[in-house]
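Peer 1: Build me a model:
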Amino acid sequence: MNHIRATTLLALLLAALPAWAVKPFTADYQANVKGMIQANAQMSLSPAGDGRWNYVLSVNSPIASARQSTTFEERGDAWRPLSGSDSTQVPMKRSQKNAIYDWNKGEARWSGDVKPDRAGPVKLQEGDLDAMLLNLALVRDVAAGKPLKYRMVDNGTVSIQTYQNLGTETVIIAGKPRQATKVSRSTDDKQVIAWIVDGLPVPARILQRKGGKDDLELTLKSVR
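Peer 2: Model prediction:
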């Protein structure tokens, strides 16, 4: 009887704990593009009012730049993407894509430098995320021990992204070793690996690979 009461009390206490809190941050990264170009990168989260947030990733080097941003809203424990943009600039070429997630109509559409078959509409479901929000969801769900399976609606397509927990590894942040949970997903010829450190709001390291080669690597330098 005492064991049953203790178990019930523990369940009630856990249920009363607050959900993973969204808080503003600015994280500075060292970026390595295609194993050749060194650049500075920054990931930031800032409030936009009325339960909405702006989430931005920018990568800048002397010869190229890229910026991805998402505006999303909190809906209880869930996050809804509302709009997004993805821009890149390299010598002699510039690209700009924009996304609108219309939850009243239940559809997402894309404009700008997109192919006709990627313009949408794509039907939305509760729980859908875009590619940017996966970074925040991973940090939240690894800490909570939740399944790392997501329905991603991005760039005119829908895909199921399932991350595998590969155990723990040591990463170096600001010269200090930290233990991180390593997770990975693979889709066609693309692979994403992320290292999640307990207590940090962003991945300590992100490695994107394409065709078996490193495409983009982000290594955390500091977060505030």
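Peer 1: neighbouring contacts of the helix or strand in which Ile100 is found?
Peer 2: Under DSSP states H and E, the secondary-structure element containing Ile100 is strand 93-102. Residues outside strand 93-102 that contact it (CB atoms under 8 Å, 6 or more residues apart in numbering) are 80-89, 108-114, 124, 128, 130, 153-155. The way it works is simple: take the backbone N, C-alpha and C, and place the C-beta from them, glycine included.
Peer 1: Buried among the residues you listed? Need that as a selection in PyMOL.
Peer 2: Here is the PyMOL selection string for the buried members of these, based on 16 or more other CB atoms under 10 Å:
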select buried, resi 80+81+82+83+84+86+87+88+108+109+110+114+124+128+130+153+154+155
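Peer 1: Where does pLDDT dip in the chain?
Peer 2: For the chain, residues meeting the criterion pLDDT under 70 lie at 1-20.
Peer 1: what residue lies at the spatial centre of it?
Peer 2: Centroid-nearest residue in the chain, with CA atoms, centre = their mean: Asn135, separated by 2.0 Å.
Peer 1: how about the closest residue to it other than its chain neighbours, what does it touch?
Peer 2: Closest residue in space to Asn135, ignoring its immediate chain neighbours: Pro203 at 6.1 Å, by CB to CB, 6 or more residues apart in numbering. Residues counted as contacts of Pro203 (CB under 8 Å, 6+ apart) are 135, 138-139, 194-196, 218, 220.
Peer 1: Can you tell me which of those residues are buried?
Peer 2: Members of the contacts of Pro203 that pass the buried threshold by neighbour count (16+ other CB under 10 Å) are listed as 135, 138-139, 194-196, 218, 220.
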